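S.K.: The following block contains a protein sequence and its predicted model.
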Amino acid sequence: MDKRIPVVVIKELSETDKILTALKNYGISCAEITFRTACAAEAIAYACAHYPDMNIGAGTVVNAEQCEAALEAGAKFIVSPGLSVAVAKICQLRGVPYYPGCVTPTEIMAALDLGITVVKFFPAHIYGGLKAMKALAAPFPQVKFIPTGGVDKDNIDEFLAWEKIYAVGGSSFVKEALENMEMKK
Amino acid sequence: MDKRIPVVVIKELSETDKILTALKNYGISCAEITFRTACAAEAIAYACAHYPDMNIGAGTVVNAEQCEAALEAGAKFIVSPGLSVAVAKICQLRGVPYYPGCVTPTEIMAALDLGITVVKFFPAHIYGGLKAMKALAAPFPQVKFIPTGGVDKDNIDEFLAWEKIYAVGGSSFVKEALENMEMKK
Amino acid sequence: MDKRIPVVVIKELSETDKILTALKNYGISCAEITFRTACAAEAIAYACAHYPDMNIGAGTVVNAEQCEAALEAGAKFIVSPGLSVAVAKICQLRGVPYYPGCVTPTEIMAALDLGITVVKFFPAHIYGGLKAMKALAAPFPQVKFIPTGGVDKDNIDEFLAWEKIYAVGGSSFVKEALENMEMKK
């Protein structure tokens, strides 16, 4: 399985095809469409309908309302920049994976209390990167990480070499995929 | 509007006039009087009575009891080093701005849940400074920051140049104001 | 009083004697036995029975269940990588000291709300070390710290020189104690 989770910001619904096609051509079959834009829910519904072989999730989900809208649109996983207990509970009830951002031991313990063992580590490059995750892994051997922020094709191998990396996230993969498609023209 | 919020520690009530006069002469019409000292509430009440044209608030408010005391004394805004849900709810009820310190995505999401979109970022120089706030701003475009800690006249312009800076805080502005008054003698 | 708290990971119950004897010979009369291993509770009970002059506590306690097991085994203090409100309440009820990991102002305020004024600062070397604790001490003059992570015999004096250091934690002290015993053979 490819471990790259591209953070996709869709400003206009019409961009969806171009971006998802570029990702597929770049070998990525997953997309975290962020709730930072007005058309996010619509884009998720469109992506789920037209790209059934892709694993489409929702990102930047910061509250229960957005979570409900994302699940309604068909999101197969939910990502938050931080940990929302309300979002965690909805996802648990609906059986949908939830990857909350946790960067301190207290936040990781709160995630564990909710039955979550895979956490996003964001912004990874700011909060100490791989060195920080390795320090956090000592007391939490059961936890796996999704570093996001500052991860790109130049340093991804360093992250993936560590067995506690569940996946890596970033908008850089979208940029790379679009550039890759441009070059092939 | 001047965007400097001086963190004022008043050890003796008698110092209040000297400090507030120095701030006014230095072009600052606002003061965050911290609850780190025994005479804080008294100093706030004095400042509100004698400097009605200044925006007097309370800082280092860490619990509901201190918040009630600060509001009773006349504080026009409340600042905490971190986020207290209890303090946030009192401020919301009383219609007083509350600027809690939030340094992780989880803490910012908790603030947003409470209707807060301006957060203190403290200690700014320790937790990655401007680079960290810019990374945090990506998933939280609605949030504005008040970096505090390590901000002084030498680097303030770098912070103020970014549109997401609501204000900058620090005890350095008090020191600068007092030195400025000393030099003019 | 020696201020070193060795973080002891006991993989086999049979190692307990060797490690605790090494610590005593190295001048350390305290041990934080972590709940990262299956035999942790058993090791704590054994240590309490056979080393009554040592201050035996439990570390890496991440939830109420582990806390109850640790106290049942005789742990005289409880340490967590982060702050668990549930663990804090059990410890308060039972009159046992609880040292939770707190690395942001919000987490320290949550600890203060629970009546806790000594916090672990972990991972210390990742989150800014002494410089970070000094910045955090400004608004929280009542708080004392137990830096853990990256503290060893080469830099311990730098930490202990600051009056706000309650103790220093780390697995390095166990390694040093075992090496010391090996050398004396």
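M.R.: Everything's here; your move. Computed from a prediction, not measured in an experiment: that's the story for all the values here.

S.K.: thought A:Gly129 was touching A:Gly150?
M.R.: Yes: using Cβ atoms under 8 Å, A:Gly129 is in contact with A:Gly150, at 7.3 Å. Heads up, the C-betas are built off the backbone N, CA and C, glycines and all.

S.K.: Quick check: phi and psi on A:Leu178?
M.R.: A:Leu178 adopts backbone torsions of phi -70, psi -40, taken as degrees, to the nearest 10.

S.K.: Quick check: closest non-adjacent residue to it.
M.R.: Spatial nearest neighbour of A:Leu178, chain neighbours left out: A:Ala22 (5.0 Å); criterion: Cβ to Cβ, 6 or more residues apart in numbering or on different chains.

S.K.: Quick one: mean pLDDT for whichever strand or helix holds the one you found?
M.R.: Using DSSP states H and E, the element containing A:Ala22 is helix A:16-25. For helix A:16-25, mean pLDDT rounds to 97.

S.K.: How about residues contacting the host helix or strand of A:Ala111?
M.R.: A:Ala111 is part of helix A:105-113, with elements assigned from DSSP H and E. Applying Cβ atoms under 8 Å, 6 or more residues apart in numbering or on different chains, the contact partners of helix A:105-113 are A:82-83, A:85, A:88, A:100-102, A:117, A:119, A:136, A:139-140, A:142-143, B:104, B:106, C:62-63, C:80-84, C:100-103, C:107, C:110, C:122.

S.K.: what residues does the helix holding A:Ala22 touch?
M.R.: A:6, A:8, A:10, A:29-31, A:43, A:46-47, A:50-51, A:54, A:173-174, A:177-178, A:180-181, A:184.

S.K.: quick one: low-confidence ranges for chain A?
M.R.: Within chain A, the segments meeting pLDDT under 70 span A:1.

S.K.: give me every residue that touches the residue of it found nearest chain B.
M.R.: Nearest residue of chain A to chain B: A:Gly82, at 3.2 Å (Cβ to the nearest Cβ). Neighbouring residues of A:Gly82 by Cβ under 8 Å, 6+ apart: A:Val62, A:Pro100, A:Gly101, A:Cys102, A:Glu107, B:Thr104, B:Pro105, B:Thr106, B:Glu107, B:Ile108, B:Met109, B:Ala110.

S.K.: now the contacts of helix A:105-113: which count as buried?
M.R.: Among the contacts of helix A:105-113, those classed as buried by 16 or more other Cβ atoms under 10 Å in any protein chain shown are A:82-83, A:85, A:88, A:100-102, A:119, A:136, A:139-140, A:143, B:104, B:106, C:62, C:80-84, C:100-103, C:107, C:110, C:122.

S.K.: In strands, which of these fall?
M.R.: Mapping the buried ones among the contacts of helix A:105-113 onto strands (DSSP state E) picks out A:Pro100, A:Val119, C:Ser80, C:Pro100.

S.K.: Show the overlap between the residues you listed and what lies near chain B.
M.R.: By Cβ under 8 Å from any Cβ of the partner chain, the members of those lying near chain B are A:Pro100.

S.K.: Adding distance to B:Ala58, write the ones in strands among the buried ones among the contacts of helix A:105-113 out as JSON lines.
M.R.: Output for these, formatted as JSON lines (distance: Cβ to Cβ, whole Å):
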{"residue": "A:Pro100", "distance to B:Ala58": "33"}
{"residue": "A:Val119", "distance to B:Ala58": "35"}
{"residue": "C:Ser80", "distance to B:Ala58": "32"}
{"residue": "C:Pro100", "distance to B:Ala58": "27"}
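
S.K.: ok, of the ones in strands among the buried ones among the contacts of helix A:105-113, which one's closest to B:Tyr166?
M.R.: Nearest to B:Tyr166 among these, counting by Cβ to Cβ, is A:Pro100 at 26.4 Å.

S.K.: What residues are bridge-paired with the closest one?
M.R.: Taking DSSP bridges, one obtains A:Ser80 as the residues bridged to A:Pro100.

S.K.: That one: what's it in contact with?
M.R.: A:Pro100 sits next to A:Val79, A:Ser80, A:Gly82, A:Leu83, A:Ser84, A:Val87, A:Ala88, A:Ala111, A:Ile116, A:Val119, A:Lys120, B:Thr106 when contact means Cβ under 8 Å, 6+ apart.

S.K.: tell me which of these is nearest to chain C?
M.R.: Nearest to chain C among the contacts of A:Pro100, counting by Cβ to the nearest Cβ, is B:Thr106 at 8.9 Å.

S.K.: distance of that closest one from A:Ile108?
M.R.: Noted for B:Thr106: a distance of 10 Å to A:Ile108, by Cβ to Cβ, to the nearest Å.

S.K.: Find the nearest non-adjacent residue to A:Met133, please.
M.R.: Distance criterion Cβ to Cβ, 6+ apart; nearest residue to A:Met133, sequence neighbours excluded, is A:Phe145 at 5.0 Å.

S.K.: re the thing from before, A:Gly129 and A:Gly150: who's more crowded?
M.R.: Shown here are A:Gly129 and A:Gly150; by other Cβ atoms under 10 Å in any protein chain shown, A:Gly129 has more neighbours (20 against 15).

S.K.: OK, contacts around the more buried one?
M.R.: Counting by Cβ under 8 Å, 6+ apart, A:Gly129 touches A:Pro147, A:Gly150.

S.K.: The helix holding A:Ala22: which residues count as buried?
M.R.: Buried residues in helix A:16-25, counted by 16+ other Cβ under 10 Å: A:Thr16, A:Ile19, A:Leu20, A:Ala22, A:Leu23, A:Lys24.

S.K.: quick check, nearest of those residues to A:Ala70?
M.R.: Of the buried residues of helix A:16-25, the one sitting nearest to A:Ala70 (Cβ to Cβ) turns out to be A:Thr16, at 15.3 Å.

S.K.: Over to A:Ile146. Which of the three states is it?
M.R.: Here A:Ile146 is strand, with the state taken from DSSP: H, G, I helix; E, B strand; the rest coil.

S.K.: residue contacts, it?
M.R.: A:Ile146 touches A:Ile5, A:Val79, A:Tyr99, A:Val118, A:Val119, A:Lys120, A:Phe121, A:Ile165, A:Tyr166, A:Ala167, A:Val168, A:Gly169, counting by Cβ under 8 Å, 6+ apart.

S.K.: So the third one sits against A:Pro81, correct?
M.R.: No: contact status for A:Tyr99 versus A:Pro81: not in contact, 10.5 Å apart, counting by Cβ under 8 Å.

S.K.: and for those two, which residues touch both?
M.R.: With Cβ under 8 Å, 6+ apart as the test, A:Tyr99 and A:Pro81 both reach A:Lys120.
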